[in-house]
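> Output the structure for:
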Amino acid sequence: MAEHTSSSITIEAAPAEVMGVIADFDRYPEWTGEVKEAEVLAKDDHGRAAQVRLLLDAGAIKDDHTLAYTWTGENEVSWSLVKSQMLRALDGSYRLAALAGGRTEVTYQLTVDVKIPMLGMIKRKAEKVIIDRALAGLKKRVESGHDGPETPADEAKKL
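Here you go, the predicted structure:
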């Protein structure tokens, strides 16, 4: 089995609220720095995304890839690569665990394999950076309570 990288973070919100943000792919460009476009291509019998196309721009890495999603219960989602320009594999998951006080522990696991040769140590470092950025962005998005694009009223509140 391929090596993977994993990390966890605690978010001050219930698992359902956290999963709501994770499952809202259309809004990924609003809170993830690297995802420039997200398009749900297919849904499962429960109306959840089954295939999603993501346009990624992470500086040196630019890719247009499609992921297949599998939802396990209410607190876990995993994905695997369907097609990509730069990647050979992209398998990952979010697992949510309810904690006392209405908090959630989110564990993100990721395995990346690129088409260009790369040392395993460098791949693990890249996975760690991706995971850390994703978890930090997710935490900020959920804890801000912001569930939509910024409006002029939101901007005025900041002044």
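
> Helix or strand for residue 81, just tell me which one.
strand 76-83 (DSSP states H and E).

> Can you list the strands that that strand pairs with?
strand 61-72 (antiparallel), strand 87-99 (antiparallel) (DSSP bridges).

> got those as JSON lines, with mean neighbour count columns?
C-betas here are computed from N, CA, C, even on glycine. Below are the strands paired with strand 76-83 laid out as JSON lines (neighbours: other Cβ atoms under 10 Å):
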{"stretch": "strand 61-72", "mean neighbour count": "16"}
{"stretch": "strand 87-99", "mean neighbour count": "17"}
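
> Low-confidence regions, this protein specifically.
1-3, 59-61, 116-129, 131, 146-159 (pLDDT under 70).

> Closest to the centroid, which residue in it?
residue 134 (5.8 Å; Cα atoms, centre = their mean).

> Need the CA coordinates for the helix or strand harbouring residue 113. CSV is fine.
Applying DSSP H and E as the criterion places residue 113 in strand 103-114. Below are the C-alpha coordinates for strand 103-114, written out as CSV (Å, rounded to 0.1, in the frame of the first residue of the first chain):
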residue,chain,number,x,y,z
ARG,A,103,-16.4,20.6,18.7
THR,A,104,-15.2,18.4,15.9
GLU,A,105,-11.9,16.7,15.3
VAL,A,106,-11.2,16.6,11.6
THR,A,107,-8.6,14.1,10.3
TYR,A,108,-7.4,14.6,6.7
GLN,A,109,-5.5,11.8,5.0
LEU,A,110,-3.8,12.2,1.6
THR,A,111,-1.8,10.2,-0.9
VAL,A,112,-0.4,11.9,-3.9
ASP,A,113,1.5,10.4,-6.8
VAL,A,114,2.7,12.7,-9.6
